[in-house]
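S.K.: my questions are about this predicted structure, shown below with the sequence.
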Amino acid sequence: EVIVDHESQSANITWQLKPSPQSTFGEIRYQGLKRIEGKYLNHYLAFSKGDCFQQAQLDKTRLQLLQSGIVASADPKLTDANDNSVDVTFSILERKQKTFGLGVGYDTDVKGKFSSSWQHRNLLGKGEHLDIEWVYSKISQGLTGSVTVPHFKHKNQTLTLNAELSEETPDAYEALTGEFSVKLQRPVRKTLTVGGGVRLAFSRIDEIDEEEDYSLLGVPLTADYSKRNDLLNPTQGWATGLTIEPVINLYQTGTRFVRSTLAGSSYYTIEDWSWQPTVAVRAAVGTITGEDLEQVPADHRFYSGGGGSVRGYAYQSIGEKEPVIDRSTQQEIIAPVGGLSFSEVSLELRNRINKNWGVVLFVDGGYASPSADITLGENYRWGAGLGVRFHTDFAPFRLDIATPLDKQDGDKDIQIYIAIGQAF
């Protein structure tokens, strides 16, 4: 009812409301399914039959279906039933299930890095992922196959089965390894994921002309906390990850050690400034306890230097070294022996010039120590440099040029790194 007072130029409005029965969600159906099982999609529902009807829950379900990785579109159609319920039918368009990919990267020390991969996103109709990847570089080659089972025995719980055959030939050692692992991961909060598993690795390692076989059984335990706004190009938030892995050598049952690492990063962007600079900080530490350095297989020790570590230095070059015979030239060289602990820090100032281009100033520092005691800043080697970023909708393409500030014998004046995604 509306009463208008022309003299005062005002109006009084009276609403008459009548209560109506509460609407609830009714039957839930899917149309258009060809290779996906309907019961599997129920894991992505934000509501159940009989819940009070809310548009927000319907929108959330649609988003979660799209984020499943196997659905290209999910359009809900509502139908009123006679019992004050609303039936929901999702019209599903399935994504292409098979993908082939190629990758390439470069850094001065390792030279070109190449990879190819093949993925099946819905192997058995319940979102199982089969991933096969081959990688090749001057110092490493490997073939990896993994099967990921989402919502394994519990909503949002993931089971991963992995098999890998690899060969590594850095200066420190040669390693031929076959590895099998099983891992279970589960988010306990929106930002916190925990995991655990079993890993069995058979390897033959040649270190300083001494060859030894290993059969290592490990039980890796992980916890990852992330409040970053983006995985490949974070500008706000922070993240940290902890891994603890007890390991036993089955060939020598008296050899046991525990390998632990802790890493964290933080990001802060000044959005009011013209170039929107992002200050990014990373720190990482690790320690191996329970055995002397010589008893720990060379490929399980810690190393520092190179891309993803301390830019400006050769791969694994920072730490204690010993003279060895170079496998290609048969001449004596000084090679790293690895450490029982390491610590690293990185600082980047990321500037966005325009929509697509950005520049980065960075400094990295770190050291791998033969002692299991973590010493922050002690014996650090520092590197600094300048980077260019080309931003895309997917991730930035990265070009970094770095130089060692504490140059050692054999260090080059500059190191170049080309990859996809930010350095951390």
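M.R.: Looks like it arrived, so ask away.
S.K.: tell me the SS of residue 57?
M.R.: State at residue 57, reduced to three classes by DSSP: H, G, I helix; E, B strand; the rest coil: helix.
S.K.: show the contacting residues for it.
M.R.: Residues in contact with residue 57, defined by Cβ atoms under 8 Å, 6 or more residues apart in numbering, are 25, 46, 47, 51. The way it works is simple: take the backbone N, C-alpha and C, and place the C-beta from them, glycine included.
S.K.: quick one, longest strand in this protein?
M.R.: strand 192-207 (DSSP state E).
S.K.: so how far is that one off the chain centroid?
M.R.: On the basis of Cα atoms, centre = their mean, to the nearest Å, strand 192-207 is displaced by 17 Å from the centre of the chain it belongs to.
S.K.: any buried residues in the helix or strand that that strand is followed by, and which?
M.R.: Beyond strand 192-207 in the direction of the C-terminus, DSSP states H and E gives the next helix or strand as strand 210-218. Within strand 210-218, the residues that count as buried by 16 or more other Cβ atoms under 10 Å are 214, 216, 218.
S.K.: and these as JSON lines, adding distance to residue 321?
M.R.: Converted to JSON lines, the buried residues of strand 210-218 look like this (distance: Cβ to Cβ, whole Å):
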{"residue": "214", "distance to residue 321": "23"}
{"residue": "216", "distance to residue 321": "25"}
{"residue": "218", "distance to residue 321": "27"}
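S.K.: list the contacts of residue 105.
M.R.: By Cβ under 8 Å, 6+ apart, the contact set of residue 105 is 112, 113, 417, 418, 419, 420.
S.K.: beta partners for it?
M.R.: Assessed by DSSP bridges, residue 105 has beta-bridge partners residue 113.
S.K.: show the pLDDT at it.
M.R.: Here, the pLDDT recorded for residue 105 equals 89.
S.K.: if I look at it, how far off is residue 385?
M.R.: For residue 105, the distance to residue 385 equals 17 Å [Cβ to Cβ, to the nearest Å].
S.K.: which residue is nearest the centroid of the protein?
M.R.: Using Cα atoms, centre = their mean, the residue of the chain that lies closest to the mean C-alpha position is residue 231, 7.6 Å off.
S.K.: what's near enough to touch that residue?
M.R.: Taking Cβ under 8 Å, 6+ apart as the test, residue 231 contacts no residue whatsoever.
S.K.: does it belong to a helix, a strand or coil?
M.R.: coil.
S.K.: how near is it to residue 421?
M.R.: Taking Cβ to Cβ, one finds residue 231 at 8 Å from residue 421.
S.K.: okay, and for the stretch 301-424 of the chain, where does confidence drop off?
M.R.: Where the stretch 301-424 of the chain drops to pLDDT under 70, the residues are 325-329.
S.K.: do that again at 50, thanks
M.R.: Across the stretch 301-424 of the chain, nothing is flagged by pLDDT under 50.
S.K.: now do the closest residue to residue 24 other than its chain neighbours against residue 269, distance only.
M.R.: Once flanking residues are discounted, residue 24 sits nearest to residue 85: 4.8 Å by Cβ to Cβ, 6 or more residues apart in numbering. Separation of residue 85 from residue 269 (Cβ to Cβ): 46 Å.
S.K.: what does residue 96 give?
M.R.: For residue 96 relative to residue 269 (Cβ to Cβ), the value is 35 Å.
S.K.: more neighbours, these two?
M.R.: Counted by other Cβ atoms under 10 Å, residue 96 and residue 269 do not tie: residue 269 has more neighbours, with 18 against 9.
S.K.: let me know the pLDDT of that one.
M.R.: pLDDT recorded at residue 269 is 95.
S.K.: now do residue 208
M.R.: Looking at residue 208, its pLDDT reads 69.
S.K.: next: the one 10 residues further on.
M.R.: We note a pLDDT of 97 for residue 218 in this prediction.
S.K.: can you confirm residue 346 is in a strand?
M.R.: Yes. Secondary structure assignment places residue 346 in a strand (three-state DSSP).
S.K.: bridging residues for it?
M.R.: Beta-bridge pairing for residue 346 (DSSP bridges): residue 282, residue 364.
S.K.: go ahead and confirm it touches residue 360.
M.R.: No. Look at residue 346 against residue 360 with Cβ atoms under 8 Å: they stay out of range, at 11.1 Å.
S.K.: pull up the overlap in contacts between the two.
M.R.: Residues touching both residue 346 and residue 360 (Cβ under 8 Å, 6+ apart): there are none.
S.K.: burial measure for residue 347, as a count.
M.R.: Neighbours of residue 347 using other Cβ under 10 Å come to 15.
S.K.: ok, it - contacts?
M.R.: When contacts are counted by Cβ under 8 Å, 6+ apart, residue 347 is found next to 279, 280, 281, 282, 362, 363, 364.
S.K.: can we see that at 7 Å?
M.R.: Residue 347 sits next to 281, 362, 363 when contact means Cβ atoms under 7 Å, 6 or more residues apart in numbering.
S.K.: same question for residue 283.
M.R.: Going by Cβ under 7 Å, 6+ apart, residue 283 touches 264, 345.
S.K.: for it, give its distance to residue 319.
M.R.: Residue 283 is 18 Å from residue 319, by Cβ to Cβ.
S.K.: as a check, name the ranges of all helices in the stretch 1-150 of the chain.
M.R.: When secondary structure is read from DSSP state H, counting those that start in this stretch, the stretch 1-150 of the chain shows helices at 38-41, 55-66.
S.K.: now the buried members of the contacts of residue 347.
M.R.: The neighbour-count criterion (16+ other Cβ under 10 Å) marks 362, 363 among these as buried.
S.K.: now, which of the contacts of residue 347 sits nearest residue 260?
M.R.: Checking the contacts of residue 347 against residue 260 with Cβ to Cβ, the nearest one is residue 281 at 21.4 Å.
S.K.: which residue sits closest to that closest one, ignoring its sequence neighbours?
M.R.: The nearest residue in space to residue 281 (Cβ to Cβ, 6+ apart) is residue 266, at 5.0 Å.
S.K.: returning to that earlier point: is it true that the residue nearest to residue 24 touches residue 22?
M.R.: No. If you go by Cβ atoms under 7 Å, residue 85 and residue 22 don't touch, sitting 9.7 Å apart.
S.K.: and the two? Which one has more around it.
M.R.: Between residue 85 and residue 22, residue 85 has the larger neighbour count (other Cβ under 10 Å), namely 19 against 9.
S.K.: so what's residue 249 closest to, chain neighbours aside?
M.R.: Closest residue to residue 249 apart from its sequence neighbours, by Cβ to Cβ, 6+ apart: residue 255 at 3.9 Å.
S.K.: residue contacts, the one you found?
M.R.: Residue 255 makes contact with 249, 291, 295, according to Cβ under 7 Å, 6+ apart.
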